[in-house]
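# pasting a predicted model and its sequence here:
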Amino acid sequence: MLETSARLLRLLSLLQARSTWTGRDLVERLEVTDRTLRRDVDRLRDLGYPVHSTSGPAGGYRLGAGAELPPLMLEDDESLAVALGVASISSGPLRGVREAADRAMAKLEQVMPVRLRRRLRALQRAIVHAPHGGPAVALGTVAALGAACVEAKVARFGYRDRGGAATARAVEPLGLVLYERRWYLAAWDRGREGFRTFRVDRMEGEIALGERFTPRALPDDDAQTYVARSVSSVARPIEARIVFDAPATVVGARIPTRFGAVEGLSARTCRWVTRASSLDDVAWWAATLDVPFAVESPPELAERLSDLGQRLVAAAKRRPSALD
């Protein structure tokens, strides 16, 4: 039988691993008597862990939420996952989170065994977090909008559009999405009576939460798809359709999903539907895939490809001395 302190840690680990345990299951796992289990549960309660119990055939033990966060029992892989997640968040597009992330990391490393701490530091040296590049937003703003989405509460805030015009908005939040290094809110705009996508970094002032509402269904399957489509239609106004003489599996493996959808037309052909900010972008992508293709639309893209081809042929024939 385990010593009392080791047994308490084992009991705490079990309670944190599953929402509910029967007394019989815990007795068998810990190899103790019913009386010892009840005594250990009381000890955890004395230490501040809110262990709830119910009697009867369907009864058991459950670790509830307390007023403060107690120490957590984490497996090795869970500890590494949490630590790496904290490190990545601290370099992301959230303002005011770095200090809290650094404190959390210091506490986590302090209680890690030496072997695990070495693995974590090796991973930290190997992984390089590229600058997020997008505008940073306040952690409190994201938390308030997230609560509004989950609790179905109207959110009111100041907002500046692309032209810099300031407006007051009252919206029904439906989803908060981090897309291409920017935070977006998908919502029903009460003033404009339509679905809208709002950039969180353009919101001003405090987010005021109001009355509850009945959520509407977005035009797309989920908030992420809706935001991606909305953002693409603004930032990438040009839609192009290209037919490739290759299976969809081959072309799809060479084109990142964020650059459009690839749909099969037959066993040997497929269509790529994409949006771009310029025809040159589409022409370049299509030309570098090394797959025979034809332009379906727009016709201007075929002209741009012809121009690009002539420029590339001319560049291949030109000698550096001609540039002097």
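Okay, I see it.
# where are the low-confidence patches of the stretch 201-324 of the chain?
Residue ranges of the stretch 201-324 of the chain with pLDDT under 70: 233-235, 322-324.
# okay, strands next: where are they in it?
203-212, 238-244, 261-264, 270-276, 293-297 (DSSP state E, counting those that start in this stretch).
# tell me the bridge partners for the most centrally placed residue in the chain.
Among the residues of the chain, the one closest to the centroid is residue 178, at 5.9 Å (C-alpha atoms, centre = their mean). Applying DSSP bridges to residue 178 yields these beta-bridge partners: residue 183.
# domain-wise, how is this structure divided?
4-63, 76-126, 137-219, 236-316 (automatic domain parsing).
# hmm, back to that, adding distance to residue 314 and mean neighbour count, write the strands of the stretch 201-324 of the chain out as CSV.
C-beta coordinates here come from the backbone N, C-alpha and C atoms, glycine included. Formatted as CSV, the strands of the stretch 201-324 of the chain follow (distance: least, C-beta to C-beta, whole Å; neighbours: other C-beta atoms under 10 Å):
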stretch, distance to residue 314, mean neighbour count
strand 203-212, 49, 14
strand 238-244, 24, 19
strand 261-264, 32, 15
strand 270-276, 24, 20
strand 293-297, 22, 15
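# what's the neighbour count on the closest residue to residue 262 other than its chain neighbours?
Computed as C-beta to C-beta, 6 or more residues apart in numbering, the closest residue to residue 262 that is not its neighbour in sequence is residue 252, at 4.1 Å. Residue 252: 18 surrounding residues under other C-beta atoms under 10 Å.
# which stretch among the domains of the chain comes nearest residue 226?
Evaluated over the domains of the chain, closeness to residue 226 peaks at domain 137-219, with 4.8 Å, by C-beta to C-beta.
# what residues are up against residue 87?
101, 105, 124, 127, 129 (C-beta atoms under 8 Å, 6 or more residues apart in numbering).
# pLDDT score for it?
We have a pLDDT of 73 for residue 87.
# can you give me phi and psi for it?
Backbone dihedrals for residue 87, given as degrees, to the nearest 10, come out at phi -60, psi -40.
# so it versus residue 125, what's the distance?
11 Å (C-beta to C-beta, to the nearest Å).
# how far does stretch 7-17 sit from its chain's centre?
Relative to its parent chain, stretch 7-17 has a centroid offset of 30 Å by C-alpha atoms, centre = their mean, to the nearest Å.
# ignore the last one, stretch 175-184
Worked out by C-alpha atoms, centre = their mean, stretch 175-184 lies 8 Å from the chain centre.
# CA atoms of that stretch as CSV?
In CSV, the C-alpha atoms belonging to stretch 175-184 read as follows (Å, rounded to 0.1, in the frame of the first residue of the first chain):
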residue,chain,number,x,y,z
GLY,A,175,-17.9,33.4,-33.1
LEU,A,176,-14.4,34.7,-32.3
VAL,A,177,-11.7,33.7,-34.9
LEU,A,178,-8.0,34.1,-35.1
TYR,A,179,-7.4,34.1,-38.9
GLU,A,180,-4.2,35.0,-40.6
ARG,A,181,-2.7,36.6,-37.5
ARG,A,182,-5.7,38.8,-36.8
TRP,A,183,-8.6,38.4,-34.4
TYR,A,184,-12.1,38.7,-36.0
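# list the buried residues in it.
175-179, 182-184 (16 or more other C-beta atoms under 10 Å).
# what about stretch 209-228, how long is it end to end?
The first and final residues of stretch 209-228 sit 26 Å from each other (C-alpha to C-alpha, to the nearest Å).
# now do the helices in the stretch 101-250 of the chain.
Along the stretch 101-250 of the chain, counting by DSSP state H, counting those that start in this stretch, helices occupy 114-126, 139-151, 223-235, 248-252.
# could those helices be laid out in a markdown table, adding distance to residue 74?
Output for those, formatted as a markdown table (distance: least, C-beta to C-beta, whole Å):
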| stretch | distance to residue 74 |
| --- | --- |
| helix 114-126 | 10 |
| helix 139-151 | 23 |
| helix 223-235 | 29 |
| helix 248-252 | 38 |
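# now for residue 62: which residues touch it?
Contacts of residue 62 by C-beta under 8 Å, 6+ apart are 15, 19-21, 51-54.
# in three-state terms, label it for me.
strand (DSSP: H, G, I helix; E, B strand; the rest coil).
# check the gap between it and residue 17 for me.
If you go by C-beta to C-beta, the gap between residue 62 and residue 17 works out to 12 Å.
# now do residue 242
51 Å.
# kindly report the same for residue 43.
Taken as C-beta to C-beta, the span from residue 43 to residue 17 is 19 Å.
# comparing the two, which shows the higher neighbour count?
Per other C-beta under 10 Å, whichever of residue 43 and residue 17 has more neighbours is residue 43, with 16 against 12.
# measure residue 120 to residue 127 for me?
For residue 120 relative to residue 127 (C-beta to C-beta), the value is 11 Å.
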